[in-house]
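Undergrad: Have a look; sequence and predicted model below, questions after that.
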Amino acid sequence: MKSIADHHRREEARALAALSADERVALAFQLGDDDLEIYRQARDLSHEEARGALRRARQAGRVRCACFEDLE
């Protein structure tokens with residue numbers, strides 16, 4: 001039996017495949033902006049505070065690459 005969700009996924013894939021590279025990049029930026037806005041509103045932060053919080057979270061737990069030590 002075909003599900004509505006499967007149909008929707010196929011239609012969405014076709015729509016995305018029809019976009020040009022520029023349109024896909026613009027869509028990716030728009031989705032990122034939308035996600036940032038949702039995060040910002042959920043935590044009652046300013047735009048810059050939300051960006052900073054996400055930037056810090058992305059860096060948490062990262063280890064400096066040893067190749068940088070060789071350059072110094």
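TA: Received it, and whenever you're ready, just let me know what you need.
Undergrad: contacting residues for L54?
TA: By CB atoms under 8 Å, 6 or more residues apart in numbering, the residues touching L54 are L36, Y39. Heads up, the C-betas are built off the backbone N, CA and C, glycines and all.
Undergrad: Does it belong to a helix, a strand or coil?
TA: Judged by DSSP: H, G, I helix; E, B strand; the rest coil, the three-state class of L54 is helix.
Undergrad: how much space is there between it and L16?
TA: Distance of L54 to L16, given as CB to CB, to the nearest Å: 25 Å.
Undergrad: Show me the helices in the chain, by range?
TA: 4-17, 21-43, 47-59, 66-71 (DSSP state H).
Undergrad: mind putting those in TSV, mean pLDDT included?
TA: Shown next, in TSV, are the helices of the chain (pLDDT from 0 to 100):
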stretch	mean pLDDT
helix 4-17	92
helix 21-43	96
helix 47-59	92
helix 66-71	71
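Undergrad: Tell me how far the residue nearest the centre of the chain lies from L54.
TA: Central residue of the chain (CA atoms, centre = their mean): G32, 4.5 Å from the mean position. To L54, G32 is 10 Å away according to CB to CB.
Undergrad: One more: L45?
TA: According to CB to CB, L45 and L54 sit 10 Å apart.
Undergrad: Can you work out which residues contact both of those two?
TA: Listed contacts common to L45 and L54 are Y39; contacts here mean CB under 8 Å, 6+ apart.
Undergrad: Could you tell me how many residues sit around A50?
TA: Per other CB atoms under 10 Å, the neighbour tally for A50 reads 19.
Undergrad: try the one 3 residues further on
TA: Applying the criterion other CB under 10 Å, we find 14 residues in the vicinity of A53.
Undergrad: contacting residues for it?
TA: For A53, the contact set (CB under 8 Å, 6+ apart) comprises Y39, R43, L45.
Undergrad: Just give the nearest non-adjacent residue to the last one, would you?
TA: By that I understand L45. A53 (6.7 Å; CB to CB, 6 or more residues apart in numbering).
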